[in-house]
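Trainee: Quick one, fold the following:
(one chain, ligands or ions: 1)
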Amino acid sequence: MAKQDPIFELIDAEKKRQSEGLELIPSENYVSANVLKAMGSILTNKYSEGYPGKRYYGGQENIDPIETLAIERAKELFHADHANVQPHSGANANEAVYFSWCEPGDTILAMSLPAGGHLTHGSPVTRSAKIYNFVGYGVTKEGDIDYDEMERLAKEHHPKIILVGFSAFMKIPDFDRVQKIADEVSREAGHEILLMADMAHVAGLIAGGVHPNPLEHGFQVMTTTTHKTLRGPRGGLIVSMGKVSSPLRKPEHTLENIPTLIDRAVFPGTQGGPLEHIIAAKAVAFEEDLQPEFADYARSVVENAQVLATELQRLGFKLQGGGTENHLILIDVKDSYGIDGKFYEIALDRVGLTLNANALPSDKGGAFRPSGVRLGTPAMTTRDLGAEEMLKLAGWMKQVLDICVAAGDEDGLGGHVAELDAIRAEVRELALNFPVPGIEK
Ligand code: DSN
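Mentor: You can find the predicted model right below:
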């Protein structure tokens, strides 16, 4: 019966799309067959509200050790005192942290969305922005965090949380500098300031030891998604430093108690039943991330991004921040070639190269027709593409760009079908030589 459901045909079509194209979206990756196996397991049948040893339903003799393993592995991965593996997503993880530490109306200082921050860091369209007072800091001309502005705004607004995190930022944050700012402002303000890092994009680089761990630089809390550079199932994670106590009793509102305040904020504060099939898959991914090969992977992600960035620049593309120190590249296609990011995204999709149009700090183009595109190397590196393939990829990107300039707009691409098909065939041939984990050939 199930075979006749068109859903399964669509899943097969998606397998083909993933196998025959190259995934350049920097927030995507491919999970292992074991992660898929855990996600697709009968654990989805089980309710387990609460935490290991403190559940509101019976029958937890297998669920408790699964969640405990996920917690212990996450703590080991990030050298944390505590881990909450239940957030359904990065957005939920962030919301739970805000809820754990702030009262309505409190101020949270975070990177603004146009500068490279994330929607959940205070965009006015979010629920959090209606509850808390978000103040946004920006980036410098060189693409680094504007720490002077952060300091000035912290002194002016006395935030409860200073948040360092991003979804389009190519530098390594200076966590020590942020800690110094928080120490000084917290004395002036007369309250503790929670230092929170949303490392959704680079958590795998931190786990692999190629980027600094904010928890080792004075930050109390780090949130992340588990599906980007960590190569786990789609979901969220909060790791923190402090004293761990029973979530059944509300502890005093101190930074030291942040682990327990977070547990209470996740459940029952903002979520109901945990997704134990996803938590099992997180545990499987964390174990993979603890292996020495994962450190090699993390290093290769950054090396591939740097080769790709250098070659794109050689071909004439202007990159935000002048290059990259992580897995992300942001191209200013408008300034480089006069076309907008959405048009370029559509044309690249046509040849099997998937990325996303993205606003730039200076952008006036709006979210749907922004001036830039964002790409990255985590997924391609999982498929074992290396420097040679990065050079080929940059070449195809330039060819597609030239076609876009000649075509003028999306309708104009119709006059370039043969050229686009020829590039599509080359992309497909290369992609099929680098199988997607979990998809049989
Ligand atoms: N949507 C993710 C990204 O692509 O950066 C962040 O949550």
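Trainee: quick one: the closest residue to Gly376 other than its chain neighbours from the ligand, how far?
Mentor: Using CB to CB, 6 or more residues apart in numbering and skipping the chain neighbours, the partner closest in space to Gly376 is Pro26 (2.4 Å). Placement of C-beta: from N, CA and C, glycine included. The span separating Pro26 from the ligand equals 7 Å under the rule CB to the nearest ligand atom, to the nearest Å.
Trainee: What does the pLDDT read for Pro26?
Mentor: Here, the pLDDT recorded for Pro26 equals 97.
Trainee: Burial check on it, number of neighbours?
Mentor: 28 (other CB atoms under 10 Å).
Trainee: Which phi and psi values does Glu49 adopt?
Mentor: Phi and psi for Glu49, reported as degrees, to the nearest 10, are phi -50, psi 140.
Trainee: so what's it up against?
Mentor: Taking CB atoms under 8 Å, 6 or more residues apart in numbering as the criterion, Glu49 is in contact with Arg55, Tyr56, Tyr57, Phe267, Pro268, Gly272, Gly273, Pro274.
Trainee: Quick one: buried ones out of those?
Mentor: Taking 16 or more other CB atoms under 10 Å as the criterion, what is buried in those is Arg55, Phe267, Pro274.
Trainee: Filter these down to the ones in strands?
Mentor: Counting by DSSP state E, the buried ones among the contacts of Glu49 place Arg55 in strands.
Trainee: on contacts alone, who are the packing partners of the least confident helix or strand in the chain by mean pLDDT?
Mentor: Within the chain, no helix or strand scores below helix 333-337, which has a mean of 89 by mean pLDDT, DSSP states H and E. The contact analysis (3 or more CB pairs under 8 Å, 6 or more residues apart in numbering; DSSP states H and E) places helix 333-337 against helix 341-350, strand 372-376, helix 387-407.
Trainee: May I see the buried residues of that helix?
Mentor: Those buried within helix 333-337 under the rule 16+ other CB under 10 Å are Val333, Lys334, Ser336, Tyr337.
Trainee: Would you indicate which residues of stretch 263-282 are buried?
Mentor: In stretch 263-282, counting by 16+ other CB under 10 Å, buried: 263-267, 270-271, 274-282.
Trainee: Taking these, tell me the two that lie furthest apart.
Mentor: Arg264 and Ala281 (24.9 Å; CB to CB).
Trainee: From the contact counts, what lies against the lengthiest helix in the chain?
Mentor: Of all segments of type helix in the chain, defined using DSSP state H, the longest is helix 292-314. Contact partners of helix 292-314 among helices and strands, from 3+ CB pairs under 8 Å, 6+ apart: helix 203-207, strand 328-332, helix 378-382, helix 387-407.
Trainee: got the ones you listed as a markdown table, with mean pLDDT columns?
Mentor: Listed next are those as a markdown table, based on pLDDT from 0 to 100:
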| stretch | mean pLDDT |
| --- | --- |
| helix 203-207 | 98 |
| strand 328-332 | 96 |
| helix 378-382 | 98 |
| helix 387-407 | 98 |
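Trainee: right, so of those, which gets closest to the ligand?
Mentor: Set against the ligand and scored by CB to the nearest ligand atom, the helices and strands packed on helix 292-314 come closest in strand 328-332, at 8.9 Å.
Trainee: ok, now which ones touch Leu312?
Mentor: Leu319, Ile329, Ile331, Ala394, Met397, Lys398.
Trainee: So for stretch 68-82, what gets flagged as buried?
Mentor: Of the residues in stretch 68-82, those buried (16+ other CB under 10 Å) are Leu69, Ala70, Ile71, Arg73, Ala74, Lys75, Leu77, Phe78, Ala80, Asp81, His82.
Trainee: Okay, and the third one sits in which element?
Mentor: Per DSSP states H and E: Ile71 is located in helix 63-78.
Trainee: Report the mean per-residue pLDDT for that helix.
Mentor: Helix 63-78 comes out at a mean pLDDT of 98.
Trainee: about what we covered before: please render the helices and strands packed on helix 292-314 as CSV that adds mean neighbour count and distance to the ligand to the earlier fields.
Mentor: Converted to CSV, the helices and strands packed on helix 292-314 look like this (neighbours: other CB atoms under 10 Å; distance: least, CB to the nearest ligand atom, whole Å):
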stretch, mean neighbour count, distance to the ligand
helix 203-207, 26, 12
strand 328-332, 26, 9
helix 378-382, 26, 11
helix 387-407, 18, 19
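Trainee: Format those as JSON lines; extra columns: distance to Pro6.
Mentor: JSON lines is the format used below for those (distance: least, CB to CB, whole Å):
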{"stretch": "helix 203-207", "distance to Pro6": "35"}
{"stretch": "strand 328-332", "distance to Pro6": "36"}
{"stretch": "helix 378-382", "distance to Pro6": "27"}
{"stretch": "helix 387-407", "distance to Pro6": "32"}
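Trainee: circling back to that earlier point, from the contacts of Glu49, which is closest to Arg249?
Mentor: Nearest to Arg249 out of those is Pro268 (CB to CB; 13.7 Å).
Trainee: Residues touching stretch 424-432, excluding its own?
Mentor: Identification of contacts with stretch 424-432 by CB under 8 Å, 6+ apart yields Ser19, Glu20, Gly21, Leu22, Arg350, Val351, Gly352, Leu353, Arg383, Glu389, Lys392, Trp396.
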